[in-house]
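3D model of this:
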Amino acid sequence: MKFQWIILALALVAGLVTRFVVDAQQETATTAVSPAASGVLESGKDALDLFNPADPRLRVVYFGYTHCPDVCPTSLAVMSAALKKLDTDTRKQLWPVFITLDPERDTPEKSAQYAQYFHQDIIGMTGTAEQTKALAQKYGVLYMRTELKDSALEYAVDHSSYFYLLQPDGTLVDKVQHTLNPEILVDAISSNLTVSGS
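Have a look, this model is predicted:
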């Protein structure tokens, strides 16, 4: 009887150790292949790496969605106006990006086309739902799906509205709140390009 308890205790310990090792390996594997960590999103038919350190351009990122009735088109129009105020050499140092918060409806082609309505330099990008959530958490983007009863749209995506200025590795260097004045965005871009260029 005594031996049975010892065997049972050893089996229990072995089971717990095995589970701990397996869980640790799964967690490491998940972290290693996290799609959000890579920053690779789809734009049209292309896969682009938002966090590519070989591309030195300052990223100017806006999170929204193509069915947005007012805030997104207004913000992208402000981004477009800001880009038009910058000279060609300065624009070459920028990567303006629109990332959808609604990957369920916004295909990579749709996001790319939508962004191009506002300015030819703005790249529209779509990730998976997991990537979208991870990127939103990384930069503090608040968004929430709201069901629309008796509407052909079915749902809206309520979200915060900021322009995020990122270094090539994805580090946030500045954040500009929703504005109707493109000069505010121009000033933020200019000051951050000056800092990174010095």
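
mind checking the SS state of the residue positioned nearest the centre of the chain?
Closest residue to the average C-alpha location of the chain: Leu135 at 3.9 Å, with CA atoms, centre = their mean. Here Leu135 is recorded as helix under DSSP: H, G, I helix; E, B strand; the rest coil.

which residues are in contact with it?
By CB atoms under 8 Å, 6 or more residues apart in numbering, Leu135 lies in contact with Ala36, Gly39, Phe63, Ile99, Gly127, Val141. Heads up, the C-betas are built off the backbone N, CA and C, glycines and all.

where is pLDDT lowest across these?
Scanning those for pLDDT, the low point is Ala36. It has 47.

tell me the contacts of Leu76?
Tyr62, Gly64, Phe98, Ala115, Tyr117, Phe118, His119, Ile122.

need phi/psi at the fourth one.
In this case it means Ala115. With angles defined as degrees, to the nearest 10, Ala115 sits at phi -60, psi -40.

that older thread, any of the contacts of Leu135 buried? List them.
The neighbour count (16 or more other CB atoms under 10 Å) marks Ala36, Gly39, Phe63, Ile99, Gly127, Val141 as buried among the contacts of Leu135.

mind checking which of the residues you listed are in strands?
Here DSSP state E is the test, and those give Phe63, Ile99 as lying in strands.

wait, which of the buried ones among the contacts of Leu135 is closest to Ala188?
Phe63 (16.5 Å; CB to CB).

packing partners of the helix or strand harbouring Asp89?
Assigned by DSSP states H and E, Asp89 belongs to helix 88-91. Contact here means 3 or more CB pairs under 8 Å, 6 or more residues apart in numbering; DSSP states H and E; on that basis helix 88-91 packs against helix 182-197.
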